[in-house]
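> Build me a model from this:
(chains A and B)
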Amino acid sequence: MKFFNQIFILFLLSSLSFGSAQVARENLHSSVTDLGSGSGTKQICSCIFVMKQTEEFCRKFSREVLIIDILDQHYVDKKNRSVTSTIGFFFNKRTAKYMGDKHGCTLI
Amino acid sequence: MFKIFAAILFIFGSFSNSFIDSTQLMESYIFSNKEKDFQTDALLIIKNGKVVYEKYAKGYQSESRHFAWSVSKAVTGTLIGVALQRGDLSLNDRLSDVLKGYDDIFRDDVKKRDITVEHVINWASSLNYIEEYEQAESFTDSSVLQQLYGKKASKDMTRYLLSHDMVSTAGESWRYTTGDTTLLTSVLRDTYSQNQDNYPWDLLFDELGMQNVTWERDASGNFVGGSHLFISARDLAKVGSLYLNDGEYNGKRLLPEGYVEYSTSLNSVYLNNLSKAPDSLFDGLQSPGRQWWLNRKFKSPEEPVFDNAPVDTFMAIGHWGQFLAVVPSEDLIVVRFGEDRKGKIDRNTMFGLIFNYLKSEGL
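You can find the predicted model right below:
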(Lines give C-alpha, C1' and ligand atoms only; values in the text may rest on other atoms or scores of the structure.)
Protein backbone atom coordinates (compact mmCIF):
# COMPACT_ATOMS: atom_id res chain seq x y z
CA MET A 1 0.00 0.00 0.00
CA LYS A 2 2.83 2.33 0.89
CA PHE A 3 4.43 1.59 -2.51
CA PHE A 4 1.25 2.57 -4.38
CA ASN A 5 0.94 5.71 -2.30
CA GLN A 6 4.45 6.68 -3.27
CA ILE A 7 3.76 6.02 -6.96
CA PHE A 8 0.68 8.22 -6.75
CA ILE A 9 2.56 11.03 -5.05
CA LEU A 10 5.35 10.81 -7.61
CA PHE A 11 2.80 11.08 -10.40
CA LEU A 12 1.21 14.07 -8.71
CA LEU A 13 4.53 15.82 -8.14
CA SER A 14 5.72 15.18 -11.68
CA SER A 15 2.52 16.76 -12.99
CA LEU A 16 3.08 19.77 -10.78
CA SER A 17 6.69 20.00 -11.92
CA PHE A 18 5.69 20.00 -15.55
CA GLY A 19 3.02 22.60 -14.96
CA SER A 20 5.26 24.88 -12.98
CA ALA A 21 8.05 24.62 -15.53
CA GLN A 22 5.68 25.93 -18.15
CA VAL A 23 4.86 29.04 -16.19
CA ALA A 24 8.27 29.66 -14.61
CA ARG A 25 9.00 33.35 -14.48
CA GLU A 26 12.70 32.86 -14.48
CA ASN A 27 14.83 30.39 -16.30
CA LEU A 28 16.70 29.93 -13.04
CA HIS A 29 13.59 28.59 -11.33
CA SER A 30 13.41 24.98 -10.25
CA SER A 31 10.52 22.58 -10.00
CA VAL A 32 8.55 21.81 -6.86
CA THR A 33 10.20 18.40 -6.53
CA ASP A 34 13.59 20.02 -6.79
CA LEU A 35 12.75 22.52 -4.03
CA GLY A 36 11.44 19.70 -1.83
CA SER A 37 14.52 17.55 -2.16
CA GLY A 38 16.81 20.59 -1.84
CA SER A 39 15.12 21.70 1.34
CA GLY A 40 15.17 18.26 2.94
CA THR A 41 18.78 17.62 2.00
CA LYS A 42 20.00 20.93 3.33
CA GLN A 43 17.94 20.82 6.53
CA ILE A 44 19.10 17.33 7.46
CA CYS A 45 22.73 18.17 6.75
CA SER A 46 22.68 21.32 8.90
CA CYS A 47 20.67 19.66 11.64
CA ILE A 48 23.07 16.72 11.99
CA PHE A 49 26.45 18.32 11.35
CA VAL A 50 25.96 21.91 12.58
CA MET A 51 23.29 21.64 15.23
CA LYS A 52 24.61 18.21 16.33
CA GLN A 53 21.14 16.75 16.72
CA THR A 54 20.34 13.08 16.25
CA GLU A 55 19.61 11.70 12.80
CA GLU A 56 16.17 10.57 13.92
CA PHE A 57 15.31 14.08 15.14
CA CYS A 58 16.69 15.66 11.99
CA ARG A 59 14.74 13.43 9.61
CA LYS A 60 11.53 14.30 11.42
CA PHE A 61 12.49 17.98 11.54
CA SER A 62 13.15 18.16 7.80
CA ARG A 63 9.89 16.45 6.86
CA GLU A 64 8.04 19.23 8.58
CA VAL A 65 9.78 22.01 6.67
CA LEU A 66 8.27 21.48 3.24
CA ILE A 67 5.23 19.27 3.04
CA ILE A 68 6.39 17.82 -0.26
CA ASP A 69 9.49 16.41 1.38
CA ILE A 70 7.64 13.29 2.42
CA LEU A 71 9.22 10.48 0.49
CA ASP A 72 12.13 10.20 2.88
CA GLN A 73 14.82 9.15 0.44
CA HIS A 74 17.65 10.84 2.31
CA TYR A 75 20.99 9.08 2.60
CA VAL A 76 23.25 10.34 5.38
CA ASP A 77 26.96 9.68 4.83
CA LYS A 78 28.53 10.38 8.21
CA LYS A 79 32.00 9.40 7.04
CA ASN A 80 32.07 11.98 4.25
CA ARG A 81 29.70 14.27 6.13
CA SER A 82 27.16 14.71 3.40
CA VAL A 83 23.48 14.08 2.78
CA THR A 84 22.10 12.98 -0.57
CA SER A 85 18.42 12.92 -1.39
CA THR A 86 16.40 11.66 -4.27
CA ILE A 87 12.71 11.79 -4.90
CA GLY A 88 11.73 8.57 -6.63
CA PHE A 89 13.88 6.66 -9.10
CA PHE A 90 14.47 9.26 -11.77
CA PHE A 91 13.75 12.59 -10.14
CA ASN A 92 16.14 15.15 -8.79
CA LYS A 93 19.14 14.08 -6.82
CA ARG A 94 20.53 16.69 -4.45
CA THR A 95 23.57 16.63 -2.21
CA ALA A 96 24.45 18.88 0.72
CA LYS A 97 28.00 18.65 1.98
CA TYR A 98 29.35 19.75 5.33
CA MET A 99 32.16 22.21 4.57
CA GLY A 100 33.53 22.58 8.09
CA ASP A 101 32.96 24.26 11.42
CA LYS A 102 32.68 27.80 10.07
CA HIS A 103 30.83 27.16 6.85
CA GLY A 104 28.38 24.38 7.69
CA CYS A 105 26.44 22.76 4.86
CA THR A 106 26.13 23.82 1.24
CA LEU A 107 23.94 22.40 -1.49
CA ILE A 108 26.37 21.39 -4.21
CA MET B 1 -7.80 29.30 23.53
CA PHE B 2 -4.09 29.34 24.02
CA LYS B 3 -3.90 33.13 24.08
CA ILE B 4 -6.52 33.12 26.81
CA PHE B 5 -4.39 30.69 28.79
CA ALA B 6 -1.38 32.94 28.29
CA ALA B 7 -3.31 36.05 29.32
CA ILE B 8 -4.57 34.34 32.48
CA LEU B 9 -1.03 33.26 33.30
CA PHE B 10 0.26 36.78 32.88
CA ILE B 11 -2.53 38.52 34.76
CA PHE B 12 -2.34 35.97 37.53
CA GLY B 13 1.40 36.47 37.72
CA SER B 14 1.17 40.24 37.78
CA PHE B 15 -0.99 40.21 40.90
CA SER B 16 0.43 37.28 42.73
CA ASN B 17 4.17 37.66 42.91
CA SER B 18 4.13 36.85 46.56
CA PHE B 19 2.94 33.29 46.16
CA ILE B 20 3.56 32.32 42.55
CA ASP B 21 7.13 31.76 41.49
CA SER B 22 7.74 34.15 38.60
CA THR B 23 10.33 31.79 37.16
CA GLN B 24 7.82 28.95 36.97
CA LEU B 25 5.27 31.30 35.53
CA MET B 26 7.64 32.42 32.79
CA GLU B 27 8.82 28.90 32.01
CA SER B 28 5.36 27.39 31.97
CA TYR B 29 4.51 29.62 29.05
CA ILE B 30 7.76 30.11 27.15
CA PHE B 31 9.11 26.58 27.52
CA SER B 32 5.91 25.15 26.23
CA ASN B 33 5.45 21.66 24.90
CA LYS B 34 4.32 20.22 21.59
CA GLU B 35 0.68 20.11 22.67
CA LYS B 36 0.78 23.88 22.83
CA ASP B 37 2.09 24.02 19.26
CA PHE B 38 5.46 25.57 19.97
CA GLN B 39 8.59 24.92 21.92
CA THR B 40 11.48 26.99 23.15
CA ASP B 41 14.98 25.58 22.82
CA ALA B 42 16.87 28.42 24.49
CA LEU B 43 16.08 31.48 26.55
CA LEU B 44 18.85 33.82 27.67
CA ILE B 45 18.34 37.06 29.57
CA ILE B 46 21.19 39.48 30.19
CA LYS B 47 20.55 42.49 32.41
CA ASN B 48 23.14 45.18 33.14
CA GLY B 49 25.78 43.07 31.44
CA LYS B 50 25.15 39.96 33.54
CA VAL B 51 23.38 36.72 32.70
CA VAL B 52 20.36 36.63 34.98
CA TYR B 53 18.51 33.74 33.36
CA GLU B 54 19.60 30.97 31.00
CA LYS B 55 17.81 27.77 30.17
CA TYR B 56 18.00 25.24 27.36
CA ALA B 57 15.62 22.50 26.32
CA LYS B 58 16.72 18.89 26.14
CA GLY B 59 19.23 18.43 23.32
CA TYR B 60 20.57 21.99 23.53
CA GLN B 61 23.19 23.66 25.69
CA SER B 62 25.06 26.94 25.94
CA GLU B 63 27.44 25.99 23.10
CA SER B 64 24.68 24.72 20.79
CA ARG B 65 24.43 26.49 17.45
CA HIS B 66 20.79 27.02 16.68
CA PHE B 67 19.38 28.08 13.34
CA ALA B 68 18.79 31.81 13.43
CA TRP B 69 17.00 32.14 10.10
CA SER B 70 16.34 35.85 9.48
CA VAL B 71 18.00 36.95 12.70
CA SER B 72 21.00 36.63 10.37
CA LYS B 73 19.89 39.84 8.68
CA ALA B 74 20.77 42.00 11.68
CA VAL B 75 24.21 40.36 11.82
CA THR B 76 24.70 41.11 8.13
CA GLY B 77 23.68 44.72 8.74
CA THR B 78 26.25 44.81 11.54
CA LEU B 79 28.99 43.56 9.22
CA ILE B 80 28.13 46.32 6.77
CA GLY B 81 28.55 48.78 9.64
CA VAL B 82 32.00 47.39 10.41
CA ALA B 83 33.00 47.70 6.75
CA LEU B 84 31.83 51.33 6.81
CA GLN B 85 33.81 52.05 9.97
CA ARG B 86 36.93 50.57 8.39
CA GLY B 87 36.46 52.75 5.33
CA ASP B 88 36.22 49.74 3.03
CA LEU B 89 32.73 50.57 1.84
CA SER B 90 30.35 53.50 1.45
CA LEU B 91 26.56 53.49 1.63
CA ASN B 92 26.57 55.25 -1.74
CA ASP B 93 28.58 52.52 -3.46
CA ARG B 94 26.71 51.02 -6.38
CA LEU B 95 26.39 47.25 -6.52
CA SER B 96 27.24 47.40 -10.22
CA ASP B 97 30.63 48.87 -9.29
CA VAL B 98 31.37 46.51 -6.40
CA LEU B 99 30.10 43.14 -7.60
CA LYS B 100 32.30 41.16 -9.93
CA GLY B 101 31.06 38.76 -12.58
CA TYR B 102 27.58 40.17 -13.19
CA ASP B 103 28.30 42.74 -15.91
CA ASP B 104 25.89 40.97 -18.27
CA ILE B 105 22.99 41.61 -15.87
CA PHE B 106 23.83 45.26 -15.31
CA ARG B 107 24.32 45.73 -19.06
CA ASP B 108 20.91 44.26 -19.87
CA ASP B 109 18.94 46.35 -17.36
CA VAL B 110 20.28 49.84 -16.78
CA LYS B 111 17.91 50.41 -13.83
CA LYS B 112 19.83 47.83 -11.83
CA ARG B 113 23.08 49.79 -12.20
CA ASP B 114 21.75 52.40 -9.76
CA ILE B 115 21.14 50.04 -6.83
CA THR B 116 23.34 51.17 -3.93
CA VAL B 117 24.35 49.61 -0.63
CA GLU B 118 22.01 52.03 1.14
CA HIS B 119 19.06 50.95 -1.03
CA VAL B 120 19.70 47.34 -0.14
CA ILE B 121 20.22 47.92 3.57
CA ASN B 122 16.84 49.72 3.48
CA TRP B 123 15.28 46.59 1.88
CA ALA B 124 14.60 48.81 -1.10
CA SER B 125 16.56 47.44 -4.04
CA SER B 126 13.18 47.44 -5.84
CA LEU B 127 13.85 43.97 -7.24
CA ASN B 128 10.64 41.98 -7.68
CA TYR B 129 11.59 39.32 -5.13
CA ILE B 130 8.77 37.28 -3.59
CA GLU B 131 9.26 36.55 0.10
CA GLU B 132 6.94 33.60 0.72
CA TYR B 133 7.75 30.54 2.73
CA GLU B 134 6.78 26.90 2.92
CA GLN B 135 3.12 27.78 3.38
CA ALA B 136 3.05 29.59 0.03
CA GLU B 137 0.35 28.52 -2.40
CA SER B 138 2.91 28.11 -5.13
CA PHE B 139 6.34 26.97 -3.99
CA THR B 140 7.92 27.66 -7.33
CA ASP B 141 6.89 31.32 -7.28
CA SER B 142 8.63 31.88 -3.96
CA SER B 143 11.91 33.66 -4.57
CA VAL B 144 13.20 32.74 -1.13
CA LEU B 145 12.59 29.01 -1.59
CA GLN B 146 14.21 29.17 -5.01
CA GLN B 147 17.16 31.10 -3.61
CA LEU B 148 17.79 28.73 -0.73
CA TYR B 149 16.89 25.36 -2.26
CA GLY B 150 16.57 25.66 -6.05
CA LYS B 151 19.05 23.62 -8.05
CA LYS B 152 20.13 26.53 -10.23
CA ALA B 153 19.39 29.51 -8.01
CA SER B 154 21.24 28.22 -4.96
CA LYS B 155 24.46 27.69 -6.92
CA ASP B 156 25.02 31.43 -7.25
CA MET B 157 22.42 33.27 -5.24
CA THR B 158 23.73 36.68 -6.29
CA ARG B 159 23.04 35.94 -9.94
CA TYR B 160 19.57 34.63 -9.09
CA LEU B 161 18.73 37.73 -7.02
CA LEU B 162 19.91 40.15 -9.66
CA SER B 163 17.90 38.27 -12.30
CA HIS B 164 14.65 39.60 -10.81
CA ASP B 165 12.93 42.43 -12.66
CA MET B 166 12.79 45.89 -11.11
CA VAL B 167 9.40 47.09 -9.90
CA SER B 168 10.49 50.74 -9.77
CA THR B 169 13.56 52.92 -9.70
CA ALA B 170 16.16 51.62 -7.23
CA GLY B 171 15.55 52.81 -3.69
CA GLU B 172 11.87 53.66 -4.18
CA SER B 173 10.06 50.45 -3.22
CA TRP B 174 10.31 48.95 0.24
CA ARG B 175 10.00 45.20 0.35
CA TYR B 176 11.29 42.99 3.17
CA THR B 177 13.36 40.32 1.46
CA THR B 178 15.97 37.70 2.23
CA GLY B 179 17.29 38.56 -1.21
CA ASP B 180 18.27 42.15 -0.45
CA THR B 181 20.13 41.14 2.69
CA THR B 182 21.95 38.40 0.82
CA LEU B 183 23.05 41.03 -1.70
CA LEU B 184 24.76 42.75 1.23
CA THR B 185 26.93 39.68 1.79
CA SER B 186 27.55 39.61 -1.97
CA VAL B 187 28.91 43.14 -1.62
CA LEU B 188 31.04 42.11 1.35
CA ARG B 189 32.33 39.03 -0.50
CA ASP B 190 33.64 41.19 -3.34
CA THR B 191 34.85 43.95 -1.02
CA TYR B 192 36.91 41.38 0.85
CA SER B 193 37.67 39.14 -2.11
CA GLN B 194 41.08 38.23 -0.70
CA ASN B 195 39.46 37.03 2.52
CA GLN B 196 36.02 35.92 1.39
CA ASP B 197 36.03 32.70 3.45
CA ASN B 198 36.77 34.37 6.74
CA TYR B 199 35.81 38.05 6.73
CA PRO B 200 32.83 37.71 9.17
CA TRP B 201 35.23 36.34 11.78
CA ASP B 202 37.97 38.88 11.13
CA LEU B 203 35.62 41.85 11.01
CA LEU B 204 33.22 40.97 13.81
CA PHE B 205 32.97 37.51 15.34
CA ASP B 206 36.52 37.37 16.69
CA GLU B 207 36.28 40.96 17.90
CA LEU B 208 33.22 40.01 19.98
CA GLY B 209 34.77 36.75 21.16
CA MET B 210 32.14 34.64 19.42
CA GLN B 211 33.16 30.98 19.37
CA ASN B 212 30.02 29.08 18.48
CA VAL B 213 28.93 30.41 15.13
CA THR B 214 28.54 28.86 11.69
CA TRP B 215 27.47 30.76 8.61
CA GLU B 216 26.56 28.71 5.61
CA ARG B 217 27.28 29.76 2.04
CA ASP B 218 25.97 29.13 -1.43
CA ALA B 219 27.96 27.00 -3.85
CA SER B 220 29.77 30.11 -5.14
CA GLY B 221 31.12 30.80 -1.66
CA ASN B 222 28.81 33.69 -0.72
CA PHE B 223 27.54 33.73 2.86
CA VAL B 224 23.74 33.56 2.88
CA GLY B 225 23.33 36.92 4.57
CA GLY B 226 19.56 36.79 4.80
CA SER B 227 19.47 33.42 6.55
CA HIS B 228 21.61 30.35 7.34
CA LEU B 229 23.43 31.69 10.39
CA PHE B 230 23.74 29.10 13.16
CA ILE B 231 24.78 30.57 16.48
CA SER B 232 24.65 30.02 20.21
CA ALA B 233 22.40 32.20 22.33
CA ARG B 234 25.39 33.65 24.19
CA ASP B 235 27.20 34.59 20.99
CA LEU B 236 24.12 36.22 19.54
CA ALA B 237 23.72 38.23 22.72
CA LYS B 238 27.16 39.72 22.07
CA VAL B 239 25.79 41.37 18.94
CA GLY B 240 23.09 42.86 21.15
CA SER B 241 25.75 44.07 23.55
CA LEU B 242 27.55 45.85 20.70
CA TYR B 243 24.34 47.78 19.97
CA LEU B 244 23.72 48.53 23.64
CA ASN B 245 27.17 50.09 23.72
CA ASP B 246 26.48 52.24 20.65
CA GLY B 247 28.83 50.30 18.41
CA GLU B 248 31.74 49.87 20.82
CA TYR B 249 32.91 46.59 22.32
CA ASN B 250 35.53 46.38 25.04
CA GLY B 251 36.38 49.99 24.37
CA LYS B 252 36.96 49.53 20.66
CA ARG B 253 34.70 51.23 18.15
CA LEU B 254 33.47 48.69 15.60
CA LEU B 255 30.50 50.55 14.14
CA PRO B 256 30.54 54.15 12.94
CA GLU B 257 29.17 56.73 15.34
CA GLY B 258 25.47 57.06 14.64
CA TYR B 259 25.17 53.66 12.96
CA VAL B 260 23.17 52.12 15.81
CA GLU B 261 20.75 55.05 15.61
CA TYR B 262 20.61 54.69 11.81
CA SER B 263 19.89 50.95 12.03
CA THR B 264 17.21 51.26 14.68
CA SER B 265 15.31 54.28 13.36
CA LEU B 266 12.15 53.99 11.31
CA ASN B 267 12.97 52.99 7.76
CA SER B 268 12.55 56.07 5.56
CA VAL B 269 11.55 54.18 2.40
CA TYR B 270 8.91 52.27 4.33
CA LEU B 271 7.65 55.59 5.70
CA ASN B 272 7.43 57.08 2.21
CA ASN B 273 5.77 54.02 0.68
CA LEU B 274 3.12 53.50 3.32
CA SER B 275 2.37 56.93 4.77
CA LYS B 276 -1.10 56.92 3.21
CA ALA B 277 -1.97 53.32 4.04
CA PRO B 278 -4.85 52.74 6.50
CA ASP B 279 -3.94 52.33 10.17
CA SER B 280 -5.49 48.85 10.26
CA LEU B 281 -2.76 47.59 7.97
CA PHE B 282 -0.23 47.99 10.77
CA ASP B 283 -2.14 46.38 13.66
CA GLY B 284 0.32 44.37 15.74
CA LEU B 285 3.13 44.89 13.26
CA GLN B 286 6.55 46.03 14.26
CA SER B 287 8.08 48.73 12.10
CA PRO B 288 11.25 48.13 10.12
CA GLY B 289 14.50 49.84 10.80
CA ARG B 290 17.47 48.80 8.72
CA GLN B 291 17.87 45.02 9.09
CA TRP B 292 16.23 45.36 12.54
CA TRP B 293 12.60 45.59 13.73
CA LEU B 294 11.34 48.26 16.10
CA ASN B 295 8.74 48.15 18.86
CA ARG B 296 7.26 51.37 17.51
CA LYS B 297 3.91 51.87 15.89
CA PHE B 298 4.36 53.09 12.36
CA LYS B 299 1.78 55.90 12.60
CA SER B 300 2.60 56.88 16.19
CA PRO B 301 6.22 55.90 16.82
CA GLU B 302 6.21 56.99 20.47
CA GLU B 303 3.78 54.15 21.21
CA PRO B 304 4.98 50.55 21.54
CA VAL B 305 3.57 47.73 19.41
CA PHE B 306 4.06 45.37 22.36
CA ASP B 307 2.92 47.31 25.39
CA ASN B 308 4.67 44.92 27.78
CA ALA B 309 8.04 46.06 26.40
CA PRO B 310 9.54 49.57 26.31
CA VAL B 311 9.13 51.50 23.10
CA ASP B 312 12.88 51.63 22.50
CA THR B 313 13.07 47.82 22.18
CA PHE B 314 14.47 46.66 18.87
CA MET B 315 14.68 43.13 17.61
CA ALA B 316 16.28 40.81 15.13
CA ILE B 317 13.56 38.38 14.17
CA GLY B 318 13.75 35.01 12.46
CA HIS B 319 11.48 32.33 11.08
CA TRP B 320 9.66 30.10 13.59
CA GLY B 321 10.07 32.52 16.49
CA GLN B 322 13.81 33.13 16.78
CA PHE B 323 14.71 36.54 18.15
CA LEU B 324 17.28 38.79 19.73
CA ALA B 325 15.70 41.69 21.61
CA VAL B 326 17.69 44.70 22.80
CA VAL B 327 16.20 47.19 25.27
CA PRO B 328 18.56 50.15 25.79
CA SER B 329 16.42 51.83 28.47
CA GLU B 330 16.60 48.66 30.60
CA ASP B 331 20.15 47.64 29.63
CA LEU B 332 18.57 44.35 28.66
CA ILE B 333 19.22 41.66 26.06
CA VAL B 334 16.94 38.67 25.47
CA VAL B 335 17.63 35.77 23.10
CA ARG B 336 15.01 33.18 22.35
CA PHE B 337 15.46 30.17 20.05
CA GLY B 338 12.74 27.65 19.39
CA GLU B 339 10.23 26.24 16.99
CA ASP B 340 6.97 28.02 16.51
CA ARG B 341 5.98 27.01 13.00
CA LYS B 342 2.39 28.11 13.43
CA GLY B 343 3.23 31.46 15.01
CA LYS B 344 1.39 30.57 18.21
CA ILE B 345 3.58 32.21 20.82
CA ASP B 346 2.33 35.62 21.89
CA ARG B 347 5.32 37.92 21.94
CA ASN B 348 3.68 40.53 24.14
CA THR B 349 2.81 37.91 26.74
CA MET B 350 6.35 36.64 26.59
CA PHE B 351 7.74 40.13 27.24
CA GLY B 352 5.27 40.57 30.10
CA LEU B 353 6.41 37.38 31.78
CA ILE B 354 10.08 38.26 31.29
CA PHE B 355 9.67 41.72 32.84
CA ASN B 356 7.56 40.20 35.60
CA TYR B 357 10.42 37.81 36.31
CA LEU B 358 12.99 40.62 36.34
CA LYS B 359 10.83 42.69 38.68
CA SER B 360 10.33 39.83 41.11
CA GLU B 361 14.08 39.21 41.13
CA GLY B 362 14.69 42.88 41.95
CA LEU B 363 16.44 43.46 38.62
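> tell me the phi and psi of the residue in chain A positioned nearest to chain B?
Checking chain A residue by residue against chain B with CB to the nearest CB singles out A:G38 as nearest, at 3.3 Å. Every residue, glycine included, has its C-beta placed from N, CA and C. Taking degrees, to the nearest 10, you get phi -60, psi -40 for the backbone angles of A:G38.
> residues in contact with it?
A:30, A:92, A:94, A:107, B:148-151, B:154 (CB atoms under 8 Å, 6 or more residues apart in numbering or on different chains).
> can you check B:H228 too?
Under the criterion of CB under 8 Å, 6+ apart, the neighbours of B:H228 are A:46, A:104, B:67, B:72, B:148, B:215-217.
> Which members of the contacts of A:G38 are the farthest-apart pair?
In terms of CB to CB, those reach their longest pairwise distance at A:N92 and B:L148, which sit 15.2 Å apart.
> In terms of packing, which of these two has more residues around it?
Using other CB atoms under 10 Å in any protein chain shown, the more surrounded residue of A:N92 and B:L148 is B:L148, with 24 against 19.
> which SS class is the more buried one?
Reducing the assignment to helix, strand or coil with DSSP: H, G, I helix; E, B strand; the rest coil, the entry for B:L148 is helix.
> list the contacts for the residue in the stretch 51-200 of chain B that chain A sits nearest to?
Here the residue of the stretch 51-200 of chain B nearest chain A is B:Y149; by CB to the nearest CB that distance is 3.3 Å. Contact analysis of B:Y149 by CB under 8 Å, 6+ apart lists A:30, A:34-35, A:38-39, A:42, A:107.
> From A:S30, how far off is it?
With distances defined as CB to CB, to the nearest Å, the gap from B:Y149 to A:S30 amounts to 8 Å.
> Centre of the chain to stretch B:96-112, how far?
Once both centres are worked out by CA atoms, centre = their mean, to the nearest Å, stretch B:96-112 turns out to sit 28 Å from its chain's centre.
> quick one on the thing from earlier: just give the closest residue to the residue of the stretch 51-200 of chain B closest to chain A, not the sequence neighbours.
Distances taken as CB to CB, 6 or more residues apart in numbering or on different chains put A:G38 closest to B:Y149, at 3.3 Å, once the chain neighbours are dropped.
> what's the answer for B:T23, then?
With CB to CB, 6+ apart as the measure, B:Y357 is the residue that lies nearest to B:T23, at 6.2 Å, once sequence neighbours are left out.
> For that neighbour, give me the backbone phi and psi.
For B:Y357, the backbone dihedrals are phi -60, psi -50 (criterion: degrees, to the nearest 10).
> which residues sit in contact with it?
B:22-23, B:25-26, B:45, B:53.
> separation between it and chain A?
Taking CB to the nearest CB, to the nearest Å as the measure, B:Y357 and chain A are separated by 28 Å.
> right, and the helix or strand after the least confident helix or strand in chain B by mean pLDDT?
When the helices and strands of chain B are scored by mean pLDDT, DSSP states H and E, helix B:2-15 comes last with a mean of 55. Counting by DSSP states H and E, the element after helix B:2-15 in chain order, helix or strand, is helix B:22-30.
> residues near B:P256, how many?
Neighbour count of B:P256, defined by other CB under 10 Å: 17.
> Just to check, it is in contact with B:R86?
No. At 9.5 Å, B:P256 and B:R86 do not qualify as touching, with contact defined as CB atoms under 8 Å.
> Domain map for chain B?
In terms of domains, chain B is parsed into B:1-36+B:347-363, B:90-193 (source: automatic domain parsing).
> returning to what we had before: looking at neighbours, which among the contacts of B:Y357 is most surrounded?
Comparing these by number of neighbours (other CB under 10 Å), B:M26 comes first, having 26 neighbours.
> residues contacting that residue?
Residues touching B:M26, when contacts are defined by CB under 8 Å, 6+ apart, comprise B:353-354, B:356-357.
> quick one: which of those residues is most hemmed in?
Per-residue neighbour counts (other CB under 10 Å) across those peak at B:L353, which has 25 neighbours.
> how about B:K55, secondary structure?
Using three-state DSSP, the structure places B:K55 in strand.
> May I see the buried residues of stretch B:326-339?
Of the residues in stretch B:326-339, B:326-328, B:330, B:332-339 count as buried by neighbour count, 16 or more other CB atoms under 10 Å in any protein chain shown.
> And it, how far out from the chain middle?
On the basis of CA atoms, centre = their mean, stretch B:326-339 is displaced by 12 Å from the centre of the chain it belongs to.
> Excluding sequence neighbours, find me the nearest residue to the residue of the stretch 251-363 of chain B found nearest chain A.
With CB to the nearest CB as the measure, B:R341 is the residue of the stretch 251-363 of chain B nearest to chain A, at 6.9 Å. Distances taken as CB to CB, 6+ apart place B:W320 nearest to B:R341, at 5.5 Å, with adjacent residues excluded.
> how many neighbours does that neighbour have?
Using other CB under 10 Å, B:W320 is surrounded by 19 other residues.
> Can you report phi and psi for it?
When read as degrees, to the nearest 10, the backbone of B:W320 gives phi 60, psi 30.
> got a list of what B:V260 touches?
If you count contacts by CB under 8 Å, 6+ apart, then B:V260 has B:243, B:246-247 around it.
> Can you classify it as helix, strand or coil?
The three-state label given to B:V260 by three-state DSSP is helix.
> for stretch B:243-260, how far is the first residue from the last?
End-to-end distance for stretch B:243-260: 6 Å, by CA to CA, to the nearest Å.
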